[in-house]
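Participant: got a sequence here, can you model it:
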Amino acid sequence: MQEALLLRFIAVIEILGGVWGLLIMLYRMTHVLDNLKFVLFLLFYLIPFALSILAGILLLKNKMAGLNLSLVVQLLQIPYFTLSGLYYSFMSGLLLGIRISFLEGMTNYNFNLLLGGYCQIQTGLPVEITLFGINIFALLVFVFLFFYKLKRE
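Facilitator: Okay, the predicted model is just below:
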């Protein structure tokens, strides 16, 4: 019973995060419609949010494909980092993150709690910036889904 409730919670979080992310990306697209390159680039960013929505819907329907897709969606959300000028971050639903960053000889530690959806892949950042973060919520959900899948098979 608790597993079913937790699976529904995860599915709803994936759906809501995916919808939020899609809305943000579609809003951004309205500001660059005159530039085909940017529109195509933003369309690329719609993919993870569409996968998140699909995973949530299939998970609600108790489909094995939903479980597998949810594992992928959660795995994509676990790390976020800046390294050698490249920044990667994807969040669809909830981010409960711990982050360590290094800049100009200083080390900073941060704790983040965010709701919603965003996806960023950015290049050209100063190489002096290094950041590593872990989305603890996504990690815990991934572990739960992984062991649930093993038990179900």
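Participant: ok, and what's touching stretch 101-116?
Facilitator: 17, 20-21, 24, 82, 91, 93-100, 128-133 (CB atoms under 8 Å, 6 or more residues apart in numbering). For the C-beta atoms, the positions are set from N, CA and C on the backbone; glycine is no exception.
Participant: with just CA atoms, put that stretch into CSV.
Facilitator: Extracted in CSV, the C-alpha atoms of stretch 101-116 (Å, rounded to 0.1, in the frame of the first residue of the first chain):
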residue,chain,number,x,y,z
SER,A,101,31.6,24.9,-5.7
PHE,A,102,35.2,26.1,-6.2
LEU,A,103,36.0,29.6,-7.4
GLU,A,104,39.2,31.6,-7.1
GLY,A,105,40.6,29.5,-4.2
MET,A,106,37.3,29.6,-2.3
THR,A,107,35.1,26.6,-1.5
ASN,A,108,31.4,27.1,-1.0
TYR,A,109,28.8,24.6,0.1
ASN,A,110,25.1,25.1,-0.6
PHE,A,111,21.8,23.4,0.1
ASN,A,112,19.0,23.9,-2.4
LEU,A,113,15.3,23.2,-2.3
LEU,A,114,13.5,23.9,-5.6
LEU,A,115,10.1,23.0,-7.1
GLY,A,116,9.3,23.1,-10.8
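Participant: so how far is it from its chain's centroid?
Facilitator: Per CA atoms, centre = their mean, to the nearest Å, the displacement of stretch 101-116 from the mean C-alpha position of its chain is 17 Å.
Participant: and what of stretch 24-34?
Facilitator: Distance of stretch 24-34 from its chain centroid, counting by CA atoms, centre = their mean, is 20 Å.
Participant: output that stretch in PDB with nothing but the alpha carbons.
Facilitator: Provided in PDB are the C-alpha atoms of stretch 24-34 (Å, rounded to 0.1, in the frame of the first residue of the first chain):
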ATOM      1  CA  ILE A  24       8.800  27.600 -19.200                       C
ATOM      2  CA  MET A  25      10.400  26.400 -22.500                       C
ATOM      3  CA  LEU A  26       7.300  27.300 -24.500                       C
ATOM      4  CA  TYR A  27       7.300  30.800 -22.900                       C
ATOM      5  CA  ARG A  28      11.000  31.200 -23.800                       C
ATOM      6  CA  MET A  29      10.300  30.200 -27.400                       C
ATOM      7  CA  THR A  30       7.700  33.000 -27.800                       C
ATOM      8  CA  HIS A  31      10.600  35.400 -27.400                       C
ATOM      9  CA  VAL A  32      12.800  34.000 -30.000                       C
ATOM     10  CA  LEU A  33      10.400  32.900 -32.800                       C
ATOM     11  CA  ASP A  34      12.200  35.100 -35.300                       C
END
